[in-house]
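A.B. asks: no FASTA, just this:
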């Protein structure tokens, strides 16, 4: 996406078309490339804030398609840095011919004063007694550039995250989510919403231990939708639109997980889910908002699984998920992810 979107609909249509094109070309093998795309979850090179929702998905797609090895992104204002407040001691220059990727930013607009506000200013105005109806949510699209296209930026610091094996991850998730895994699925792998249990073939029936655990992770992502957890609608029969949508959520969820495990699809998984790819392509093109909704649901599922896997603390989960936060902030987050 190198041209600034005119509005929300155009932004979502372009995002949907980009993803649909990748699905047509690569099927589920796109996840193998995603696993190393951009060097990790995208974040701002100056503020260090991680991009969320559609913005994270958009930047990760761009990183994969353009072969970037750095997860950092910056705006033109941050790159030029008049006054030297963003990166003192460093002079950044954008490489000639670099293309921007656009991120979607939601902000409050004061209808009475006819001006944009920061979220802190909005909170202050409400605290002074002003009504929510005096404001509206507005959107702008900001061009950002990857650190690979910025000369003079310091090398990406090496972050030594504690390694968590896929086997350990599955065990922790099953225990902490209280979702029992049974190896009685015959030649099928599935999550039962009714009994809140996972059923898999025996481990020896998989090509590798990794393939077994990757399948278990996929089914665990479905279990996040249980009413006792995130309460995500999970209706529909095998092959239905609702069923296919839930599968898409699970696929994107595995890419969003902060531990970056299980993103690569096993051969069995690709074979079992290839029938869904074309239905996803059609649905995404017909209804771009369905991809946006799937990204939002997948982000919530991944954040929940990160917490259950003890990758993030309960307090960290509360901050990223909107749990234990006032209703107004919850509404704000939903708008920012929209």
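C.D. replies: Thanks, I have it. Since we're looking at a predicted model, the values are computed, not measured.
A.B. asks: rest of the way, CA atoms for contacts and neighbours
C.D. replies: Fine.
A.B. asks: identify the residues contacting the one helix or strand residue 79 maps to?
C.D. replies: Here residue 79 sits within helix 76-80, counting by DSSP states H and E. Residues from elsewhere that reach helix 76-80 (CA atoms under 8 Å, 6 or more residues apart in numbering): 46, 86, 92, 93, 94, 143, 144, 145, 150.
A.B. asks: could you dump these to JSON lines with distance to residue 307 and pLDDT?
C.D. replies: Below are those laid out as JSON lines (distance: CA to CA, whole Å; pLDDT from 0 to 100):
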{"residue": "46", "distance to residue 307": "26", "pLDDT": "96"}
{"residue": "86", "distance to residue 307": "32", "pLDDT": "95"}
{"residue": "92", "distance to residue 307": "37", "pLDDT": "98"}
{"residue": "93", "distance to residue 307": "39", "pLDDT": "97"}
{"residue": "94", "distance to residue 307": "38", "pLDDT": "98"}
{"residue": "143", "distance to residue 307": "32", "pLDDT": "95"}
{"residue": "144", "distance to residue 307": "30", "pLDDT": "97"}
{"residue": "145", "distance to residue 307": "31", "pLDDT": "97"}
{"residue": "150", "distance to residue 307": "34", "pLDDT": "98"}
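A.B. asks: nearest to residue 288 among these?
C.D. replies: Among those, residue 143 lies closest to residue 288 (CA to CA), at 21.2 Å.
A.B. asks: please work out how many residues are found near the closest one.
C.D. replies: Around residue 143 there are 19 other residues, counting by other CA atoms under 10 Å.
A.B. asks: what's the answer for the one 3 residues further on, then?
C.D. replies: Taking other CA under 10 Å as the neighbour definition, residue 146 ends up with a count of 28.
A.B. asks: try the one 4 residues further on
C.D. replies: Residue 150 has 19 neighbouring residues, counting by other CA under 10 Å.
A.B. asks: with residue 255 instead?
C.D. replies: Counted by other CA under 10 Å, the residues lying close to residue 255 total 24.
A.B. asks: try residue 210
C.D. replies: Quick note: residue 210 (other CA under 10 Å) scores 18 neighbours.
A.B. asks: quick check: closest non-adjacent residue to it.
C.D. replies: Nearest residue to residue 210 in three dimensions, chain neighbours excluded: residue 166, at 7.3 Å (CA to CA, 6 or more residues apart in numbering).
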